[in-house]
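J.: Would you be able to build a 3D model of this:
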Amino acid sequence: METLSVDKDKDRVSVVQYSREPSVDFLLNTYNTKQDVADSLRRLRHKGGEPLNTGAALQYVKDNVLTASSGSRHQQGVPQILILLIGGRSSDDVRNAAENLNEMGVTTFVVGIDHADTLEIQSIAQKSDRAFHAADINNLSDIEQLIISTMKEIKNPAIKPPSHGKVVMVSSYTGGRNSNDEILGPLERLRNVGIVLFGIGVNNADRFEMEQLAPTAILIKQISHLILFKYKPCSSSSIKRDIVFLIDGSDDVRKSFSAIREFVGKMVASFDLDQRKDKVAVVQYSNNAELNFNLDTYKTKADVLKHITSLKPKGGRPQYIGAGLQFVKDNVFVPNAGSRQHEGVKQILIVLAGGRSRDSPRGPASMLKTAGVTTFAIGSRMSNSAEMEMISSNPNFKYSFKKWLYVEEHLKDQVKHMVNLMSLSGQTASRKGCGVFAGWI
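T.: Residues are numbered from 1 along each chain as shown. Below you'll find the predicted structure:
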């Protein structure tokens, strides 16, 4: 740290701890001075936990930290450097995540301590001169100097502008409606390397799946009907979202509330709040609804995450999800609470339910759909599946899991994928005159 010139226009620093799952201590754009970073480092507390999932942590850093919304300047040609300190062998596979970071142009230094596996260290670092092993924590000074000297020699990567040649047209000609395999992971990897996808569904192709592949997908009866195909790229700056979390804060989820809070925090960490492209609000419900903060309360990601970290369950029972949905519609997705729907900004609601509702959510859910709100419903084993489907804007936007403990591990990436995909099909981009244009006879 002492050798760095910490400033928003010079060096930026982030710290992530991990064990079974990763946890961000601060992001690249959280602090702008060396003193603030140093103060935060002094306040760090050992995360604890087991086992050690290094592969998951590397992927987390790629997807949630080395991103523009978290302060990365990769697209501006700023070198991306990761220093990994590891004290044991990973319980999961590290190769794919390490290769993904390498393909992205990230320079990774790995320092193994105690029982770290030498081959694993070299696999993550990709190059032998970036892999180090220390007998114990007291023997790091020489390694530190080697890393510092190597970092000074790292050149800015050449950033190529998006190419019009990086386009894939995905067509579905079969009579079946859905793909027989999972598409979200491969789709995200294609998008991460700048590939633009267009979907053309023929005959009985499933509209929702085609929109997953490409939000501007086209459905036609016969391929011969397609006579015009034209693409004008959209600027990412045109994508804006108002995102509201409606979470169960009742007595029934009190013991699991920390897992709910962590899920929300890690979702929010991936949003672009500092540039005001995204806004976030949080509402809790039990026997009534209670606003924690609305879309206009905070202007920075750090402030939003700080509030989320301090959330406490509101308590009370039973659960009235319908009333909670109505509260969100009447009091949060409105201009005086910060909603930008009148500007064409995508309105997104993420519901986390820990049990069956005592009132009917049908009416409020229907009104939210009519108002243009896209709703994702996430329910535990105690939730009612039919209710979750009723609440969600699409049956594919309904998610379930057995325990709140696993919600972040299993669902965060799936929900984030879907939120991103739905955002790309919002009205704002189309008003800019960009996207895919097609005509047919």
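J.: For the stretch 201-350 of the chain, just list every one of the strands.
T.: Applying DSSP state E, counting those that start in this stretch to the stretch 201-350 of the chain gives strands spanning 218-220, 226-232, 241-248, 278-285, 289-293, 346-353.
J.: weakest of the ones you listed in terms of mean pLDDT?
T.: Lowest mean pLDDT of those: strand 226-232, a mean of 44.
J.: Just put the strands of the stretch 201-350 of the chain in JSON lines and tack on mean neighbour count and distance to Asn32.
T.: Bear in mind the C-beta positions are built from the backbone N, C-alpha and C, glycine included. Below are those laid out as JSON lines (neighbours: other Cβ atoms under 10 Å; distance: least, Cβ to Cβ, whole Å):
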{"stretch": "strand 218-220", "mean neighbour count": "18", "distance to Asn32": "45"}
{"stretch": "strand 226-232", "mean neighbour count": "12", "distance to Asn32": "37"}
{"stretch": "strand 241-248", "mean neighbour count": "24", "distance to Asn32": "25"}
{"stretch": "strand 278-285", "mean neighbour count": "26", "distance to Asn32": "21"}
{"stretch": "strand 289-293", "mean neighbour count": "17", "distance to Asn32": "24"}
{"stretch": "strand 346-353", "mean neighbour count": "25", "distance to Asn32": "30"}
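J.: between those, which gets nearest to Ala323?
T.: strand 289-293 (6.0 Å; Cβ to Cβ).
J.: helices and strands around the closest one, which ones?
T.: strand 278-285, helix 301-309, helix 321-331 (3 or more Cβ pairs under 8 Å, 6 or more residues apart in numbering; DSSP states H and E).
J.: what does the longest one rub up against?
T.: Right, helix 321-331. 244, 246, 283, 285, 288-289, 291, 294, 337, 349, 351, 353, 357, 359-365, 367-368, 371, 373, 387, 391 (Cβ atoms under 8 Å, 6 or more residues apart in numbering).
J.: Now do that helix, average pLDDT.
T.: Here the average pLDDT along helix 321-331 is 95.
J.: Also stretch 77-95?
T.: Mean pLDDT, computed over stretch 77-95, is 90.
J.: Tell me which residues touch Thr108, please.
T.: So Thr108 contacts 81-84, 98, 101-102, 124-126, 130 (Cβ under 8 Å, 6+ apart).
J.: From these, pick the one nearest Val24.
T.: Among the contacts of Thr108, and counting by Cβ to Cβ, the member closest to Val24 is Leu82, at 13.5 Å.
J.: For that closest one, list each beta-bridge partner.
T.: Thr108 (DSSP bridges).
J.: So what would you say the end-to-end distance of stretch 263-282 is?
T.: 13 Å (Cα to Cα, to the nearest Å).
J.: Sorry, wrong one. I was asking about stretch 376-394.
T.: Termini of stretch 376-394 sit 8 Å apart (Cα to Cα).
J.: Repeat that for stretch 109-125.
T.: End to end - Cα to Cα - stretch 109-125 spans 6 Å.
J.: Next: stretch 124-138.
T.: 23 Å.
J.: Then Ala365 would be within a helix, right?
T.: Yes: judged by DSSP: H, G, I helix; E, B strand; the rest coil, Ala365 forms part of a helix.
J.: From Val244, how far out is it?
T.: 14 Å (Cβ to Cβ, to the nearest Å).
J.: same question, Gln347
T.: Gln347 is 8 Å from Val244, where distance means Cβ to Cβ.
J.: Is there a neighbour count for Thr297? I'd like the number.
T.: Thr297: 17 surrounding residues under other Cβ atoms under 10 Å.
J.: same deal with Lys277?
T.: Other residues near Lys277 come to 19 when the count uses other Cβ under 10 Å.
J.: now swap in Ser380 and tell me
T.: Quick note: Ser380 (other Cβ under 10 Å) scores 22 neighbours.
J.: Surely it touches Val351?
T.: No: look at Ser380 against Val351 with Cβ atoms under 8 Å: they stay out of range, at 11.9 Å.
J.: Give me the common contacts of Gln347 and Val244.
T.: Both Gln347 and Val244 are in contact with Phe333, where contact means Cβ under 8 Å, 6+ apart.
J.: got the buried residues for stretch 379-397?
T.: Using 16 or more other Cβ atoms under 10 Å as the burial criterion, the residues of stretch 379-397 that qualify are 379-380, 383-384, 387-394, 396-397.
J.: hang on, I meant stretch 110-122
T.: 110-113, 116-117, 120-122.
J.: swap in stretch 87-98?
T.: In stretch 87-98, residues buried by neighbour count (16+ other Cβ under 10 Å) are 88-90, 92, 94, 97-98.
J.: how distant is that stretch from the center of its chain?
T.: Chain-centre distance of stretch 87-98: 21 Å, with Cα atoms, centre = their mean, to the nearest Å.
J.: Between the two ends of it, how far is it?
T.: One end of stretch 87-98 to the other measures 17 Å (Cα to Cα).
J.: same question, stretch 315-335
T.: 29 Å.
J.: what about the spatially closest residue to Asp11 that is not a sequence neighbour, neighbour count?
T.: Nearest residue to Asp11 in three dimensions, chain neighbours excluded: Leu4, at 4.4 Å (Cβ to Cβ, 6 or more residues apart in numbering). Using other Cβ under 10 Å, Leu4 has 14 neighbouring residues.
J.: list the contacts for His307?
T.: By Cβ under 8 Å, 6+ apart, the neighbours of His307 are 282, 292-293, 297-298.
J.: Turn the buried residues of stretch 87-98 into CSV, including secondary structure and distance to Tyr18.
T.: As requested, the buried residues of stretch 87-98 are arranged in CSV below (DSSP: H, G, I helix; E, B strand; the rest coil; distance: Cβ to Cβ, whole Å):
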residue, secondary structure, distance to Tyr18
Gly88, coil, 12
Arg89, coil, 14
Ser90, coil, 10
Asp92, coil, 11
Val94, coil, 12
Ala97, helix, 12
Ala98, helix, 14
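J.: Would you confirm that Tyr60 contacts Gln17?
T.: No: using Cβ under 8 Å, Tyr60 makes no contact with Gln17, being 10.8 Å away.
J.: out of those two, which sits in the busier spot?
T.: Tyr60 (23 against 17).
J.: what helix or strand does the more buried one sit in?
T.: Element membership for Tyr60, per DSSP states H and E: helix 54-60.
J.: In terms of secondary structure, what does that helix contact?
T.: Packing partners of helix 54-60 (3+ Cβ pairs under 8 Å, 6+ apart): strand 15-18, strand 22-26, strand 81-86, helix 95-104, helix 118-125.
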